[in-house]
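Peer 1: Below are the sequence and a predicted model; questions follow.
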Amino acid sequence: MYQAIGVIELKSIAKGIEATDAALKSAGVRLVSSHPSCPGKYEIILTGAIADVTAAVDHVKSLFDNRLIDSCVIGRIDPQVITALFGTQEGARTGSVGIVETFSAASTIKAADIAVKTAKVAIYELRVSRGMGGKGIVIFTGDVGDVTASVEAGAAYAKEQGLFCQSSVIPAPHKELWEQL
């Protein structure tokens with residue numbers, strides 16, 4: 001069970017590996033994942049008690065500030081976000097579709113968590129970094145009002161961070177679109 005997660009993105013693979021070691025040595029955190037991502041970025045996801053995760057993220061930020069792209073700490077992350085992050089989410093192909101696109105993995109994950117806590121939506125898909133030029137997207141399904149509220153909330157967070165790319169709400173997706181999502 002994930003108590004809290006911290007996401008750190010750096011613009012150097014070598015420094016990302018070094019930062020992962022520094023994070024793990026700085027506080028009682030566990031590593032969820034640590035890997036290169038597009039385009040030449042490095043993504044670290046940590047878990048543990050919120051105080052430990054915050055301390056580890058802050059430590060990495062202090063050491064690698066000039067290499068930092070984005071970071072966030074999420075306490076009490078919604079289980080849907082974790083499931084979707086690891087690609088095991090079975091999204092329902094019904095209702096409306098909402099999409100939030102950001103310029104970083106950390107902002108996408110945080111926007112997804114905010115969105116699912118805002119209204120009754122299901123995460124259809126969550127993709128970060130790989131094969132998308134470092135961007136991230138989260139796709140929600142549900143009633144159009146809930147999807148709209150969730151997209152607005154997630155997009156607002158990304159805008160506050162300066163990492164918002166685009167968002168969309170599709171009230172009644174065509175059958176063939178569902179087959180491509």
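Peer 2: Everything's here; your move.
Peer 1: give me the element the most centrally placed residue in the chain is part of.
Peer 2: What sits nearest the mean C-alpha location of the chain, by C-alpha atoms, centre = their mean, is I109, with 1.5 Å. Assigned by DSSP states H and E, I109 belongs to helix 105-118.
Peer 1: just checking, next helix/strand downstream of that helix?
Peer 2: That would be, after helix 105-118 and using DSSP H and E, strand 122-128.
Peer 1: Which elements pack onto whichever helix or strand comes after that following strand?
Peer 2: For strand 122-128, the following helix or strand on the C-terminal side (DSSP H and E) is strand 136-142. Judged by 3 or more C-beta pairs under 8 Å, 6 or more residues apart in numbering; DSSP states H and E, strand 136-142 is in contact with strand 96-102, helix 105-118, strand 122-128, helix 144-161. (C-beta placed from N, C-alpha, C; glycine too.)
Peer 1: Identify whichever of these lies nearest to I17.
Peer 2: I17 sits nearest to helix 105-118 of all those, at 16.7 Å, using C-beta to C-beta.
Peer 1: Quick one: list the elements packing against that closest one.
Peer 2: Looks like helix 105-118 contacts strand 4-10, strand 68-75, helix 79-85, strand 96-102, strand 122-128, strand 136-142, helix 144-161 (3+ C-beta pairs under 8 Å, 6+ apart).
Peer 1: and of the ones you listed, who's closest to I114?
Peer 2: helix 144-161 (5.2 Å).
Peer 1: Tell me what angle that closest one forms with strand 96-102.
Peer 2: Inter-element angle recorded for helix 144-161 and strand 96-102: 10 degrees (by axes from the mean of the first three to the mean of the last three C-alpha atoms, to 10 degrees).
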